[in-house]
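Colleague: Let me see the structure of the following:
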Amino acid sequence: MFANRPGVDQLQLKTETSSDNEHGPITKMLYVAEAGGNETEHYGLQLARATSFPSRFMDVAERAATTLQNLRESTDQELKWRRIRDRRVLLLNLQTILRNMYTSPDLRLGALSALVRLQSEFLMTFHDSV
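Modeller: Take a look at the predicted model:
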């Protein structure tokens, strides 16, 4: 989530995971921090399983993780729709301003400088909405 923000370093604790037929998955903590994110999805759940947390606890934790994942995905989709909506509003506003400039003789007098200013404002706003 914060990996692309300036001044934020992404670190992970190094582990080794193996499987034992008698005990199931075994995770060994190496107590070493290294650069990069953890590629394992639901690392905390995997660690809890390896340390033999009770099954009732694991069921609740897995449901919570699924709920959070679904919420994150729906929030991401909502942000995409907001950006699309904001771009459409921006384009409609631009169209209205240009139409008003075209039809109003008073606005035509300063049209060139107004268009240059409008272009600059439009590009800054459009860039911010991306």
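Colleague: Domain ranges for the protein, per the record?
Modeller: Per automatic domain parsing, the structural domains of the chain span 1-52, 54-130.
Colleague: Which one of those domains has the poorest average confidence?
Modeller: Lowest mean pLDDT of the domains of the chain: domain 1-52, a mean of 74.
Colleague: and that one, how far from the chain's centre?
Modeller: Its chain's average C-alpha position is 22 Å from that of domain 1-52, according to CA atoms, centre = their mean, to the nearest Å.
Colleague: Likewise for stretch 63-70?
Modeller: 16 Å.
Colleague: got the buried residues for the strand ranked longest in the chain?
Modeller: Scanning the chain for the longest strand, with DSSP state E as the assignment, gives strand 24-35. For strand 24-35, burial by neighbour count (16 or more other CB atoms under 10 Å) applies to T27. Quick note: C-beta positions are derived from backbone N, CA and C, even for glycine.
Colleague: count of neighbours near N93?
Modeller: Applying other CB atoms under 10 Å, we find 12 residues neighbouring N93.
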